[in-house]
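> sharing a sequence plus its predicted fold:
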Amino acid sequence: MDPVVKVTVRDYIATVVMDRPPVNAQSDQLRHELIAAFDGFTDRADVRVAILTGFGKMFSAGADMKSRPTGENDGEYWAFNRLVREMFNSIAECAKPVIAAVNGPALGAGFALAASCDIILASDNAVFGMPEIDIGLMGGAAMLQQLFGRSRARRMFYTGWRVPADEMYRTGAIECSVPLEQLMPEAMRIATEIASKSPLAMRYAKQSMNTTMHMPPRDGYRFEQNLTVALSKSEDAAEARAAFFEKRKPNFQGR
């Protein structure tokens with residue numbers, strides 16, 4: 001079976017392309033391949049940041065409806081749901097930052113894939129939506145409430161409204177809405193900047209973001225201070241300080 005997730009790595013940047021025409025619908029194969037890729041990045045020294053995108057002019061239309069469980073067999077819904085959420089978790093929990101380069105519609109589980117990433121960029125042909133309400137499903141409430149305020153999140157969830165990239169950018173939910181041909185260059189620009197940082201510091205930075213978002217500010221700041229102490233004892237921190245005083249670019253080794 002040919003892979004439906006294509007991974008290339010260059011200059012510490014992994015590019016992950018979902019390639020399952022025509023709409024990059026998510027099958028079990030695609031889910032397993034995404035999980036394997038992002039779990040692998042956590043341990044790969046040659047990857048410091050990843051970009052997730054889709055082939056052509058479609059990010060992902062969501063779950064492949066033909067592959068959803070029927071409920072005829074005991075446990076199949078729970079096994080299916082576990083695989084779906086672990087696909088999202090593999091991105092959110094990857095130790096390396098992940099940039100979503102949304103090159104077209106991101107609907108349902110496709111939108112959730114983008115929301116699992118650290119930074120979201122989009123081409124101006126992209127739309128974002130949770131159409132589950134229209135197809136007898138439920139899902140996305142938790143994710144929507146992380147990206148939007150109360151009114152916008154509920155409007156999208158209750159109506160299935162597909163929000164254009166320009167509107168997403170206007171409200172600050174994504175970092176840009178650019179012509180399609182500019183999307184990957186912009187993603188690579190940000191990825192290159194991230195890849196230039198200490199990989200150890202970046203690992204701590206993502207851990208800090210993922211953990212403190214669920215904490216009261218007082219506890220969150222204490223957690224960050226503990227990470228600062230740990231980082232300050234590293235070779236990368238010493239190199240960062242030396243480079244600052246010597247007015248040169250640092251040479252980080254990730255330790």
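Good, I have the coordinates.
> quick one: the strands in the stretch 101-250 of the chain?
Assigned by DSSP state E, counting those that start in this stretch, the strands in the stretch 101-250 of the chain fall at 106-107, 119-123, 127-129, 163-164, 177-178.
> now do the first one: everything it contacts.
This means strand 106-107. 59-62, 100, 113-114, 122, 126-131, 162 (CB atoms under 8 Å, 6 or more residues apart in numbering). C-betas here are computed from N, CA, C, even on glycine.
> again, only this time at 10 Å
By CB atoms under 10 Å, 6 or more residues apart in numbering, the residues outside strand 106-107 that reach it are 23-25, 54, 58-63, 100, 112-115, 120, 122, 126-132, 160, 162-163, 165, 168.
> cool, and the fourth one?
The contact list for strand 163-164 (CB under 10 Å, 6+ apart) reads 106, 111, 122, 124-130, 148, 152, 155-156, 170-171, 173-174, 177.
> low-confidence stretches in the stretch 51-200 of the chain?
69 (pLDDT under 70).
> check which helix or strand covers the closest residue to Cys94 other than its chain neighbours.
Ranked by CB to CB, 6 or more residues apart in numbering and with sequence neighbours excluded, the top spatial neighbour of Cys94 is Phe38, at 4.4 Å. Element membership of Phe38, judged by DSSP states H and E, is helix 28-43.
> counting by contacts, list what the helix or strand immediately after that helix in the chain packs against.
Remark: after helix 28-43, the chain's next helix or strand is strand 49-54, criterion DSSP H and E. Other helices and strands packing on strand 49-54, by 3 or more CB pairs under 10 Å, 6 or more residues apart in numbering; DSSP states H and E, are strand 5-10, strand 13-18, helix 28-43, strand 98-102, helix 109-116, strand 119-123, helix 180-195.
> quick check: neighbours of strand 49-54 in the sheet, parallel or antiparallel?
Note on strand 49-54: by DSSP bridges, its sheet partners are strand 13-18 (parallel), strand 98-102 (parallel).
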